[in-house]
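# this one's structure only:
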């Protein structure tokens, strides 16, 4: 298997139970996750060797993060302990017509307050094959934008592939700010998760007026702008209600777009981490040189399964994903 | 904001958890509610000044009721303590093809056993703008029918608007009994929640044979009979299963019917209080002189949200309702 | 009412809660059930006198089984105590696209290890009207195949009707093994639950090439092969997802097929025991000489209700089933 | 084993969870029990044939009662269905210095409203060895006092032993009322649960001024008054806190008092049903002609175990009680 | 009843369940509380008119705080909405030898970040009889120390009694810092909660070398230093384990010390808010001019009850406290 | 830190919740543990590098075991997948006078059925400092007794210290069988957990008739018999009730016995794994060359903490143990 490094923030998510208004919540479900941490866990579940570099406070919350990551086999050697606090956020869980709502309480976290590159490059990279970062990391602070750029450059120097998931968050920065920072990173990227909205609002691709399918058009245009990026991928999600969506995966390589079947996600138990699961599935396919049709189908099925369990981590094994690919949502085997 | 008085019974509801047959229920969820109490809570949530006049036993159950009402800001100055017991009922929660079932155990409650007007008219009405009562209250006893009539007359004397929700309950009285009592009340009513079934079986409106739409026809005919009633409203609910319904709100004023979009309620977490939420939404619109299209849309969206939480009270704020009106059941905002 | 004897294994089922991956399950829901035990419980719920003959270990698990059966009125006089262990299995509960998965841990159970007929024929049969066994029992061991055959022969000697549910389990034996054993039993059977798959793979019926409807064709052909079997029945289930199915019941007698309406099962709370509920519903109809259209409708509605509660037992009374038959999944009656 | 008949009311108990004030209880634990029903269940657990005669409403609550009784093997042939409602009560569970508190809501129950002897004497008594009733039954109504007296007379006619547990409840009647009714019953009683308080306030025994031990004195005096009573028994409970008590059992026969060791009950999980468990243990000893020292020790140990489980029923088997008698609260055996 | 104003921070407490290590907590219990908020709630429970002045974020957490306060009848007219975040802290619940542990995450909260007196003095004070503040409020920021001093001065100007609970928190400031600030406040205080540790380390009272009892000595010396303070009170707590303490209340007035009996708190369900409950009990006694022996006994019993329920608020009514005072932890009354 | 290898079985424990009789358990808490696995987890928690060699089935239960071990940092490189089933056992949780009871269902497990040394010696031992095994492993089968002996011999060859915890289980073998096998292993052991009972019944030490303290006497005599054993350790536990024990640790080295203070364990949340925690604490002291007084105090405090959490694993860090050693069960630090 491969060696992967991811770098980003991991937070405590405090969720209400379905059917409870926030003001009536007598307890919160606790989950630890973050875009890069989720990808780390998911790739470790697929038996890759994964290092997650981050920083958490030196208290029981930091310890909880460490054990959560270890549980799935992620190396915590580059998980630093120190700083003020663990970033948290509250999720008011939606159902039916009622959307989920997020209250962020992540300011001044140990990770977001990092002022220097406190991780050891040599140790972190080791014999890594790939570095994965999302656009959330450079959005957290000017310093982290700088560190992110530094990291991707260092990775390129070492011939390590760079995977970047744009993952725009409007509560962290606006289009203009994001666009500026991301455009400094993209020239070093090999694999990029970006969709139509990213193309339009962050990469400045003009709207599709052609007869070409949207998927092809935007991937093509983005590739024209950043020819160093060999692979693009993203999902098309239709939201019928908070608990009923459809999901289709798309993957672009060498001028060709590969698409999965459309999955019906209903009921959705928890959609947080669904995108990270898709990214992990795509990276797993690329790292194992799998067929690209299989890769996009695998990644989408894996993402679909994520929606059936609570938590940011996607605990399903390759075998369980393949069972869905082969049998669909079949009868109980007994 | 406005001043509202409501008068009625509040009960303890004991519900099974989904997926449990009543005979296997090792615990019951406890909720306190009643048609008028729910409207009181909902209007208080919208920041109106609301008084709920009722009577509960002077024990821990009565105290629980008081605190539940206070939580949402309802004044309990006219909540009397005394009498035998708190009315209760059991709800065997349905799911899919299996309907919910109710076992009433409300006889001889402190409220239903009231023999005199124990509330102080002057204090209760104060500077009220509106009095809201449902047809459940006069159904509880001959004495309460008398008190209800007395109250609506007193309200009219004081130039207080009277809102009446017919809310026919076949387990409390039959059509004939209800019709007789309600016909004495309706001449004093300004706003009335009544639908086709009420028109046909309680108000004696002949069935629609015309080419006119049912909604228009029945509202029109009811208005012809009781020209003092300025506003009619009700919902059209299609029941696909215990956990899948559609809901559309309708509102009639000055000869014109306003309708909301059709909401898909799926899955339904708890539908008790859904009608009261609609009433509260309509009254909120009327009290704030809102646009009537907005009012019926607001009330229906607010009722839709009620179906996503456990309990009779509808805890969603105006802002949360408007979020649903504006964005539909959209993506998580993060 | 009638007297029924069932014979088979009862196991402990340990299920995860919805939304939890098996590796994250901090607890398991405990249910006791088995094909014949479920039929026993269901018929006892319908007020028949039912004896369940089986064997469980002489420990707290055995006691739990006994009390579970007694709860619904099943006689445990022929429930023997002894042997090694209670058979168990784990159910990883599916949802949406994710299928349920079963891990069997039933080898070497007290029942499966039975070496002799330890039950007293005279006492067990008493004044029984019917003996019910499923194909799971003879699949458990060579000895149990022998005992099963012995039992059905003894039943016939005593003019007791024999009901047999083929209930093929691929994790217990293959088609060839099953076919061989089952063909020795079928000549003694009066009522048989068997569907198209059973006809094709276990009874050697050639595939339907005719213009005849499948249902008619396979029942007819099976009857031609085993003319002693007077009644055939089975359900047609379409699996849209782990939590959304449709279900239609079919019943054949005297050359005529009776079918129920198609039930939409959504959401499914727990489908284990759904087939046994259908069998029990059919037997109840036959034992009470009910109309055959009613019987198949009753059995299917009863099976539908099973899908709305956790556990193998179907706790709904005749009155509750009839309420569904008459009102559909209607409004709350209050 | 023996044949026992008990007669009395069974109620639904709704308890808060430890650590929750009643006004904050979002759910209530549901348990079904009553003085005579508990004795019935406990004796059935000891494998006696027990009939519990009572009346419950013909709804899901009545069905729940039936299944609860059947679970432990009690015959429900004389459990009638009809009347208004199931008696209920709320238990605000105490802990440490905070006492438990009870809110009764039992008026107008199906049982308490009985106006005639609706049970068939011949069927109910059958070949009974003993009839057990507590003082709660005649306290419920004048009619039930009459029926109780009738029943004990009928029992005596049939040479059936009569067991009577005085079980004074100050919320049902006062000393004077109780004394009057009970004095009509005691002349027909063979075994009587009565302690010092009963002797003083209900039987009019003067306070012990002698040098004789209280236990001996009061039992002796009561026997002098009612020489037909062959056996007296009761417990001495010291209440250190709601969750810490000591308990000692006493039993008098033929002029001699037998006492158990003092049991330390800490922590107490649920003390409801503790007295009924002691009664059942004593009756089991008498019915099996056990040694009287063993009997009082067995009954007290059995009562002690009751305090370690939730619910009114005492589910422990003879073997489990004997394990406590022999090993004390020893190490885990593994 | 009286009018009370309290001013301070209210936080979200996230607690683990007993028996769970923090790193294994899959959920946290949510409670809202703070020293002054708890006193506010408790006095409102005793039917006083209480205003709690504070500031919370304008989001669902702020709304939850508002409803929690309203539930018990506290006026939220002076609860401002705005700022960054709600202060939170995690409580790792102890048991037996294992202490509870707190992780504070309260920096940069809406309240702690207050830069101006945002509350309207006239409205806040209204016709207040008493102002209550704890030493936590001035510890939160230099600005809040200033505002606190300002408030107590304003209160004195208006002839409003000032109650101050020293409530030293070592995680917020050290002895020197606290001493400096508190010494500016004490000259305006009428009622003060302070114990031996406060006297020694914050007020500079020399250690007791006399034969006088500690309680008398320190109260006397503190009074000598601040003769404006008319009442001192505090509790003596012996910690045997995290779940077993003893508690004794003391109250000093006019040179005389009044003490309660020693309460045994075992098991302790939740001790957070126990000190605030004592303060509220003392203030209730003073406000109602109760006997001082009764006052200290009432306050200690009320504090003892707090330890039996989860949460910071003490929901017990005067009647429930008096039941403990009169009956001790007696038998269930039924 | 050091390198440790442990070898043994890990099982699924299914426990009832406190206050529930086994026959009423609707769910079981799931914990994975075993004597050697627990020591492995505990030493990994102390940041040692630990390998746990074992075998589990290749299904979701095996995966759950793997993730549970990884969570705490144990290497699962030598955790083999295959065989029949995971050993399980049921724990009926005791409270007060009621003892816990165990029902084993561990026969034919993947580990117990091992027929060959399937682990790679070189890889397993690597650069290990110590091998730890308990007496449960050789008790599981003749083959495992052989493998155990083989392993300890191989360890000695490699100069790896051998730690052996006698851990006699009467449900697995009798004294004679155990004695025979253990006497072949002890000549290779360096550190041994053995107490008075082991000395008397397994090692044949005559009962202490001397004036010497028992602890000294038995350790001395065992050392005389097996002079290769340098360290002995064990705990003295007094069982007052299932939820109240005292615990004292003892450690013998170089002719001297070191004892901890007596810890009061009340209430006990879960005592399973308490002995393994003590062993891990002792090994941690020995591996870090800590002072022996500190070592025995540390190990006992660590074991005491285990009793306060559910599960076999002891999640407390060195810092948390030292907090108990230094502060006792003190006040909340806040």
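Yep, it's here. Note that the coordinates shown come from a computational prediction; the quantities given were computed from them, not determined experimentally. Residues are numbered from 1 along each chain as shown, chains lettered A, B, ... in the order given.

# going forward, measure contacts between C-alpha atoms and count neighbours the same way
Will do.

# is whichever residue of the stretch 201-334 of chain A sits closest to chain E in a helix, a strand, or coil?
At 10.2 Å from chain E, residue A:311 is the closest residue in the stretch 201-334 of chain A, using CA to the nearest CA. With DSSP: H, G, I helix; E, B strand; the rest coil as the basis, residue A:311 sits in coil.

# I'd assumed residue A:38 was in contact with it.
No. With contact defined as CA atoms under 8 Å, residue A:311 and residue A:38 do not form a contacting pair (9.8 Å).

# show me whatever sits in contact with both of the two.
Common neighbours of residue A:311 and residue A:38, counting by CA atoms under 8 Å, 6 or more residues apart in numbering or on different chains, are residue A:273.

# neighbour-wise, which of the two wins?
For residue A:311 and residue A:38, the more surrounded residue by other CA atoms under 10 Å in any protein chain shown is residue A:38, and the numbers stand at 28 against 24.

# would you agree that one falls within a helix?
Yes. Under three-state DSSP, residue A:38 falls within a helix.

# ok, now which ones touch the closest residue to it other than its chain neighbours?
Nearest in space to residue A:38, with sequence neighbours left out and distances taken as CA to CA, 6 or more residues apart in numbering or on different chains, is residue A:313 at 5.5 Å. For residue A:313, the contacting residues are A:33, A:38, A:41-42, A:273, A:306, by CA under 8 Å, 6+ apart.

# scan those residues and report the most crowded one.
When neighbours are counted as other CA under 10 Å, the busiest of the contacts of residue A:313 turns out to be residue A:41, with 32 neighbours.

# helix, strand, or coil at it?
Strictly by three-state DSSP, residue A:41 counts as helix.

# thought it was touching residue A:66?
No. Using CA under 8 Å, residue A:41 is not in contact with residue A:66, being 11.7 Å away.

# one step back: looking at the contacts of residue A:313, which is nearest residue E:174?
residue A:33 (36.1 Å; CA to CA).

# what mean pLDDT does stretch A:149-165 have?
The average pLDDT within stretch A:149-165 is 97.

# my error: substitute stretch A:258-277 in the last question.
Computed over stretch A:258-277, the average pLDDT equals 97.

# now do the end-to-end distance for that stretch.
18 Å (CA to CA, to the nearest Å).

# and for the residue of the stretch 51-200 of chain A found nearest chain F, nearest residue in space, chain neighbours not counted?
Ranking the residues of the stretch 51-200 of chain A by distance to chain F (CA to the nearest CA) places residue A:71 first, at 3.5 Å. Using CA to CA, 6+ apart and skipping residues adjacent in sequence, the residue nearest residue A:71 is residue F:71, 3.5 Å away.

# go on, residue A:184?
That would be residue A:149: by CA to CA, 6+ apart, it lies 7.3 Å from residue A:184.

# what's in contact with the one helix or strand the one you found maps to?
Element membership for residue A:149 (DSSP states H and E) is helix A:142-157. Helix A:142-157 is contacted from outside by A:112, A:114-117, A:125, A:131, A:133, A:137-139, A:161-162, A:181, A:184-185, A:188-189, using CA under 8 Å, 6+ apart.

# so residue A:103 sits against residue A:87, correct?
No. Counting by CA under 8 Å, residue A:103 stays clear of residue A:87, with 11.6 Å between them.

# still on that earlier bit, what subset of the contacts of helix A:142-157 is buried?
A:112, A:114, A:125, A:131, A:133, A:137-139, A:161-162, A:181, A:185, A:188-189 (16 or more other CA atoms under 10 Å in any protein chain shown).

# from these, which is closest to chain C?
residue A:133 (26.6 Å).

# find the nearest non-adjacent residue to residue A:104, please.
In space, and not counting its chain neighbours, residue A:104 is closest to residue A:89: 4.5 Å by CA to CA, 6+ apart.

# now that neighbour: which helix or strand?
For residue A:89, the enclosing helix or strand under DSSP H and E is strand A:88-92.

# checking the residue in the stretch 51-200 of chain A positioned nearest to chain E next. Helix, strand or coil?
Residue nearest to chain E within the stretch 51-200 of chain A: residue A:64 (4.1 Å; CA to the nearest CA). Using three-state DSSP, the structure places residue A:64 in helix.

# list the residues that contact it.
Residue A:64 touches E:22-24, counting by CA under 8 Å, 6+ apart.

# can you do 7 Å?
Neighbour list for residue A:64: residue E:23 [criterion: CA atoms under 7 Å, 6 or more residues apart in numbering or on different chains].

# measure it to residue D:189 for me?
Look at residue A:64 and residue D:189: by CA to CA, they are 65 Å apart.

# now swap in residue A:275 and tell me
From residue A:275 over to residue D:189 the distance is 76 Å, taken as CA to CA.

# before we move on, back to that, now do the residue nearest to residue A:71: how many residues are near it, please.
When neighbours are counted by other CA under 10 Å, residue F:71 registers 23.

# could you measure from the residue of the stretch 201-334 of chain A closest to chain E over to residue F:64?
The gap separating residue A:311 from residue F:64 is 16 Å, by CA to CA.

# same deal with residue A:149?
38 Å.

# what about residue A:223, how many residues nearby?
Per other CA under 10 Å, the neighbour tally for residue A:223 reads 19.
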